[in-house]
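**Student:** pasting the structure only:
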């Protein structure tokens with residue numbers, strides 16, 4: 001393990017797991033959106049494999065003295081495909097390249113294409129990385145439905161590397177019934193044809209294939225069994241355990257108090273602003289944060305009404321409940337029923353002191369603390385009373 005080493009990874013379309021790590025903040029990420037000067041977007045066409053379409057695409061490119069990639073990813077039939085293309089374009093010079101050729105033969109075939117000694121290069125996905133030929137501005141990809149989204153984006157990127165308009169043809173066999181994911185892939189390539197679309201492609205690839213296993217070998221895959229939120233929580237807990245830190249279970253308290261807890265429309269008339277205010281109150285983590293929110297509301301909308309103050313007190317009560325491990329507070333008539341989570345951190349001795357010191361309070365065999373409230377108590381008084389009782393347990 002080496003310390004103080006800075007590593008920069010660059011990718012046009014990061015794999016789902018890498019992008020997911022960046023979005024989670026486990027890796028820093030910078031997006032380069034500025035294209036090279038005079039670079040044009042690639043015009044992408046999705047269609048059925050048809051000789052007339054292929055012939056027209058080849059004639060258009062060769063007619064402007066350009067070159068064509070024809071991607072046929074089957075070595076056993078690549079030469080017959082080259083023969084078919086020769087019939088469609090009799091005057092075109094055709095080369096063939098694939099990974100099973102000898103190193104010298106493959107280098108010779110590629111060099112012929114680089115030096116423009118051939119017009120059409122019939123090849124496999126061996127061209128996916130490394131080739132940068134300014135005159136090659138048309139790529140025809142056969143059986144495009146069989147490729148992944150990022151792979152198609154990489155292949156399409158072999159053309160359009162100059163100031164000429166480039167064309168990409170993603171062809172599928174006639175009468176082929178595409179899967180929903182394949183249909184989404186091809187539609188995305190057609191939609192995201194603008195310059196700098198790699199990040200959008202990678203984000204969609206993450207959505208389609210899933211984020212994979214952060215600590216394992218899988219670079220994609222959905223977290224179907226447990227869900228994303230649970231996965232992230234389990235990951236955080238595991239990392240803390242490995243560091244030897246105490247893992248505190250996350251408890252979300254439910255408060256059913258039957259009180260008027262809202263921001264009146266007459267106070268904040270704009271619906272969007274009202275939703276933002278709700279979000280600000282919910283996001284306040286402590287009393288200082290809630291006090292700041294209350295001051296902001298007062299400055300912007302005038303004196304804070306009782307309903308909003310109740311909402312702020314409710315937020316404080318929820319924070320206090322979760323801190324000591326309350327699972328639910330349920331108001332039934334004149335009785336408050338407080339049920340604790342099985343991982344609650346309440347000191348039993350403090351609980352017994354509360355039961356003895358508050359008239360009418362009971363702690364049932366089912367583990368529910370029952371506290372009576374006065375019939376004439378206002379919402380603010382109920383919230384304040386509950387907050388006071390929970391403070392005795394904290």
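**Tutor:** Received it, and whenever you're ready, just let me know what you need. If you're wondering where the values come from, they're calculated on a predicted model, not measured in any experiment.

**Student:** how is the protein carved up into domains?
**Tutor:** 42-187, 254-393 (automatic domain parsing).

**Student:** so can I have a markdown table of those showing distance to residue 241 and mean neighbour count?
**Tutor:** Every C-beta, even on glycine, is put in place using the N, C-alpha and C of the backbone. Compiled in a markdown table, those are given as follows (distance: least, CB to CB, whole Å; neighbours: other CB atoms under 10 Å):
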| stretch | distance to residue 241 | mean neighbour count |
| --- | --- | --- |
| domain 42-187 | 34 | 17 |
| domain 254-393 | 15 | 15 |
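
**Student:** which one of the ones you listed has the lowest average pLDDT?
**Tutor:** The weakest mean pLDDT among these belongs to domain 254-393, with a mean of 85.

**Student:** Can you get me the start-to-end distance on it?
**Tutor:** 18 Å (CA to CA, to the nearest Å).

**Student:** Likewise for stretch 366-386?
**Tutor:** Span of stretch 366-386 from end to end, CA to CA: 20 Å.

**Student:** The domains of the chain: which one's closest to residue 237?
**Tutor:** domain 254-393 (12.3 Å; CB to CB).

**Student:** about what we covered before: with distance to residue 234 as extra columns, can I get the domains of the chain in a markdown table?
**Tutor:** Converted to a markdown table, these look like this (distance: least, CB to CB, whole Å):
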| stretch | distance to residue 234 |
| --- | --- |
| domain 42-187 | 27 |
| domain 254-393 | 15 |
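
**Student:** Just give me how far the helix or strand hosting residue 140 sits from the chain centre.
**Tutor:** Per DSSP states H and E, residue 140 falls inside strand 136-141. Remark: strand 136-141 is offset 31 Å from the chain centroid, using CA atoms, centre = their mean, to the nearest Å.

**Student:** which residues are contacting that strand?
**Tutor:** Residues outside strand 136-141 that contact it (CB atoms under 8 Å, 6 or more residues apart in numbering): 54, 57-58, 60-61, 66-71, 113, 121, 147, 152, 155-156, 158-162, 164-171.

**Student:** Mind checking which of these are in strands?
**Tutor:** Of those, the ones assigned to strands by DSSP state E are 67-71, 121, 166-171.

**Student:** between the host helix or strand of residue 189 and strand 166-172, what angle do the directions make?
**Tutor:** Counting by DSSP H and E, the element that carries residue 189 is helix 180-191. Taking axes from the mean of the first three to the mean of the last three CA atoms, to 10 degrees, one finds helix 180-191 and strand 166-172 inclined to each other by 160 degrees.

**Student:** Can you name every helix or strand that helix 180-191 contacts?
**Tutor:** Where contact means 3 or more CB pairs under 8 Å, 6 or more residues apart in numbering; DSSP states H and E, helix 180-191 is packed against strand 42-48, helix 149-156, strand 166-172, helix 198-209.

**Student:** got CSV for the ones you listed, with distance to residue 291 too?
**Tutor:** Below are the helices and strands packed on helix 180-191 laid out as CSV (distance: least, CB to CB, whole Å):
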stretch, distance to residue 291
strand 42-48, 55
helix 149-156, 49
strand 166-172, 58
helix 198-209, 39
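
**Student:** can you tell which of those is closest to residue 95?
**Tutor:** helix 149-156 (17.5 Å).

**Student:** what angle do that closest one and strand 166-172 make?
**Tutor:** Interaxial angle of helix 149-156 relative to strand 166-172 (the same axes, to 10 degrees): 130 degrees.

**Student:** picking up where we left off before, and of the helices and strands packed on helix 180-191, who's closest to residue 379?
**Tutor:** Closest of the helices and strands packed on helix 180-191 to residue 379 is helix 198-209, at 43.7 Å (criterion: CB to CB).

**Student:** what element comes up after the biggest helix by length in the chain heading to the C-terminus?
**Tutor:** Taking DSSP state H as the assignment, the helix of the chain that covers the most residues is helix 306-324. Using DSSP H and E, the next helix or strand after helix 306-324 towards the C-terminus is strand 326-332.

**Student:** gap between that following strand and the chain center?
**Tutor:** Relative to its chain's centre, strand 326-332 lies at 35 Å (CA atoms, centre = their mean).

**Student:** ok, now stretch 303-323?
**Tutor:** A distance of 33 Å separates the centroid of the chain from that of stretch 303-323, by CA atoms, centre = their mean.

**Student:** about what we covered before: what packs against the longest helix of the chain?
**Tutor:** Other elements packing on helix 306-324 under the criterion 3+ CB pairs under 8 Å, 6+ apart are strand 254-256, helix 271-283, helix 287-301, helix 379-393.

**Student:** 10 Å - rerun?
**Tutor:** The contact analysis (3 or more CB pairs under 10 Å, 6 or more residues apart in numbering; DSSP states H and E) places helix 306-324 against strand 254-256, helix 271-283, helix 287-301, strand 326-332, strand 335-340, helix 379-393.

**Student:** so who does residue 286 touch?
**Tutor:** Counting by CB atoms under 10 Å, 6 or more residues apart in numbering, residue 286 touches 292, 316, 319.

**Student:** Look up how far residue 354 lies from the residue nearest to residue 364 when sequence neighbours are not counted.
**Tutor:** Distance criterion CB to CB, 6 or more residues apart in numbering; nearest residue to residue 364, sequence neighbours excluded, is residue 370 at 6.5 Å. Relative to residue 354, residue 370 is positioned 11 Å away (CB to CB, to the nearest Å).

**Student:** Equivalent analysis for residue 135, please.
**Tutor:** Distance of residue 135 to residue 354, computed by CB to CB: 83 Å.

**Student:** now do residue 149
**Tutor:** From residue 149 across to residue 354, the span is 59 Å (CB to CB).

**Student:** Closest to residue 336 out of the contacts of residue 286?
**Tutor:** residue 316 (16.3 Å).

**Student:** That closest one contacts residue 284, doesn't it?
**Tutor:** Yes - at 8.4 Å, residue 316 counts as touching residue 284 under the criterion of CB atoms under 10 Å.

**Student:** overlap in contacts of those two?
**Tutor:** The contact sets of residue 316 and residue 284 overlap at residue 290 (CB under 10 Å, 6+ apart).
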